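Student: following is a predicted model, sequence given first.
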Amino acid sequence: MARTQKNKATNYHLGLLKGKIARLRAQLLEPAQGAGGGGGQGFDVSKSGDARIALVGFPSVGKSTFLSKITKTKSEVAAYAFTTLTAIPGVLEYGGAEIQVLDLPGIIEGAAEGKGRGRQVISAAKTSELILMILDATKRAEQRALLEGELEAVGIRLNRDPPNIYLKAKKAGGMKITFQAPPKYLDERMLYHILRDYKILNAEVLVRDENATVDDFIDVIMKDHRKYIKCLYVYNKIDSVSLDFLDKLAREPNTVVMSCELDLNIREVVDRCWEELRLIRVYTKRKGDAPDFSEALIVRSNATIEDVCDQIHRTLKDTFKHALVWGASARHVPQKVGLGHVVADEDVVSIVAK
Ligand SMILES: Nc1nc2c(ncn2[C@@H]2O[C@H](COP(=O)(O)OP(=O)(O)OP(=O)(O)O)[C@@H](O)[C@H]2O)c(=O)[nH]1
Ligand SMILES: [K+]
Ligand SMILES: [Mg+2]
């Protein structure tokens, strides 16, 4: 690809190559048959709590120091690289929620290809709802792009939505490729040949985004190997950089700065994590009683009354008549709602049974 000049005429050729590379890379990442270790498996830590955050970064950026600050777990801290050799889980308690925080071994360039424990670390990161990319404010700026490249290479997409392209493989009927608006970077012939390379010969494609690229299209074909995860960039060790530089870092998007050593801004980092996870606290209330604010039910954003019922008890739905809701999601209080009503943070809900 590097030898090919980029212009309109070679665009098609480059698109096909990208498709082939993505397909071959996915094959490489498949754990080899019977090969055992070093494969795509994460660490043996089961998920627990309401969400999982993974701490990802180069060695000695302060991942374990941070875990020890925000949870009761003590993960070994030292000045040498690769102090942490496995996944260490801790529990962050926040607003009634329990969030699992995974301290992970440091990764290095080439991690995606299996250097060090890289593949295992990245697999563990892939299971999280939020990646905290811990960066050393005193190190070169390229560290961030390097790490992003490693995560991208195994199919993690940070702070992005899935491409707005519909693809449905079929058993027969040939290829039907439609563009909602004239595409800037794609054409029908290119998509046709990329699909063929993936042995997809019958399919319906609708490209809804005129700015969609070949990479986007490949992500849609490979959607079983892609994971869209939020990432917060956390620069640690700000005790050791100039104020000017610190100011510049702090203005970057999705970025927070801290010093574990001086206990600076830790609370703000944790608050941002909570915001990024977009978890919702719902309090329950029995008829005639005051709401129970001592224990929150934790649900995902856009959760409905049905999700709330499932959190309380798996058979509650069967006897559900309606619910009464007080709080931000209610048009008037209390609002009488059905299972489909979408709740908001800190709502109070009373379930009325048949
Ligand atoms: N100056 C400064 N040093 C820090 C800060 N936070 C951690 N350190 C130091 O950085 C070194 C590495 O810290 P660790 O927490 O072991 O880093 P890690 O990212 O877990 O390292 P690995 O497990 O080896 O990947 C230790 O010597 C810490 O004391 C900070 O805010 N400022
Ligand atoms: K270390
Ligand atoms: Mg560590």
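Tutor: Yes, it's here. Ligands and ions are numbered 1, 2, ... in the order given.

Student: okay, now the sheet partners of the longest strand anywhere in the chain, with direction.
Tutor: Secondary structure of the chain per DSSP state E: the longest strand is strand 227-236. Looking at strand 227-236 with DSSP bridges, its partner strands are strand 130-136 (parallel), strand 156-158 (parallel), strand 255-257 (parallel).

Student: quick one, strands of the stretch 1-150 of the chain?
Tutor: 51-56, 88-94, 97-103, 130-136 (DSSP state E, counting those that start in this stretch).

Student: what's the last one in contact with?
Tutor: This means strand 130-136. 51-58, 60-63, 66, 125, 143-144, 147-148, 151, 156, 158, 229-237, 269, 273, 276-277 (Cβ atoms under 8 Å, 6 or more residues apart in numbering). All C-beta spots, glycine's among them, are computed from the backbone N, C-alpha and C.

Student: now with 7 Å?
Tutor: 53-57, 61-63, 66, 125, 143-144, 147, 158, 229-237, 273, 276-277 (Cβ atoms under 7 Å, 6 or more residues apart in numbering).

Student: mind listing what the residue of the stretch 101-250 of the chain found nearest ligand 3 touches?
Tutor: Of all residues in the stretch 101-250 of the chain, Asp103 sits closest to ligand 3, at 5.9 Å by Cβ to the ion. Asp103 is in contact with 55, 63-64, 67, 75, 84, 88, 90, counting by Cβ under 7 Å, 6+ apart.

Student: quick check: pLDDT value at it.
Tutor: In this model, Asp103 is scored at 97, pLDDT.

Student: give me the beta-bridge partners of it?
Tutor: Beta-bridge partners of Asp103, as defined by DSSP bridges: Leu55, Ile88.

Student: spell out which residues of the stretch 251-354 of the chain are next to ligand 1.
Tutor: 259-261 (Cβ under 6 Å from any ligand atom).

Student: quick one on the thing from earlier: near ligand 1, list only the ones from the contacts of Asp103.
Tutor: Contacts with ligand 1 within these, counted by Cβ under 6 Å from any ligand atom: 63-64, 84.

Student: out of those, who has the most neighbours?
Tutor: Using other Cβ atoms under 10 Å as the neighbour criterion, Lys63 leads the ones next to ligand 1 among the contacts of Asp103 with 30 neighbours.

Student: select the longest helix from this protein.
Tutor: helix 8-29 (DSSP state H).

Student: please report the distance of the residue of the stretch 101-250 of the chain closest to ligand 3 from ligand 2.
Tutor: Here Asp103 is placed at a distance of 11 Å from ligand 2 (Cβ to the ion, to the nearest Å).

Student: on that earlier part again, what is the longest helix of the chain packed up against?
Tutor: Applying 3 or more Cβ pairs under 7 Å, 6 or more residues apart in numbering; DSSP states H and E, we find helix 8-29 packed against helix 188-197, helix 214-221.

Student: and the residue of the stretch 251-354 of the chain found nearest ligand 2, how many neighbours?
Tutor: Nearest to ligand 2, among the residues of the stretch 251-354 of the chain, is Cys260, at 12.1 Å (Cβ to the ion). Applying other Cβ under 10 Å, we find 25 residues neighbouring Cys260.

Student: residue numbering should commence at 50 henceforth.
Tutor: Sure, I'll start counting at 50 from here, so that last one is Cys309.

Student: please tell me how far the closest residue in space to it that isn't next to it in sequence sits from Pro232.
Tutor: Spatially, and ignoring its direct neighbours in sequence, Cys309 is nearest to Thr114 (4.3 Å; Cβ to Cβ, 6 or more residues apart in numbering). Between Thr114 and Pro232 the distance is 48 Å, computed by Cβ to Cβ, to the nearest Å.

Student: do Thr122 as well
Tutor: 50 Å.

Student: Thr262 too?
Tutor: 9 Å.

Student: with Ser399 instead?
Tutor: From Ser399 to Pro232 the distance is 51 Å (Cβ to Cβ).

Student: next, the distance between the ends of stretch 76-93.
Tutor: 24 Å (Cα to Cα, to the nearest Å).

Student: now do stretch 146-160
Tutor: 33 Å.

Student: tell me if that stretch is near ligand 1.
Tutor: Yes. Interface with ligand 1: stretch 146-160 contributes 154-155 (Cβ under 6 Å from any ligand atom).

Student: that stretch: how far from the chain's middle?
Tutor: Relative to its parent chain, stretch 146-160 has a centroid offset of 13 Å by Cα atoms, centre = their mean, to the nearest Å.

Student: next, the buried residues of it.
Tutor: Buried residues in stretch 146-160, counted by 16 or more other Cβ atoms under 10 Å: 146, 148-157, 160.

Student: same check on stretch 174-187?
Tutor: Buried-residue list, stretch 174-187, by 16+ other Cβ under 10 Å: 174-175, 177-186.

Student: before we move on, what about stretch 384-403?
Tutor: Within stretch 384-403, the residues that count as buried by 16+ other Cβ under 10 Å are 384, 386, 390, 392, 394-400.

Student: restricted to helices, list those.
Tutor: Among these, no member falls in helices (DSSP H).

Student: which one of those residues is nearest Val290?
Tutor: Nearest to Val290, judged by Cβ to Cβ, of the buried residues of stretch 384-403 is Asp394 at 35.1 Å.

Student: the residue nearest to Cys309 and Val126 touch, don't they?
Tutor: Yes. In this structure, Thr114 is within contact of Val126 by Cβ atoms under 7 Å, at 5.0 Å.

Student: those two: which has the busier surroundings?
Tutor: The neighbour count for Thr114 versus Val126, taken as other Cβ under 10 Å, is higher for Thr114 (19 against 16).
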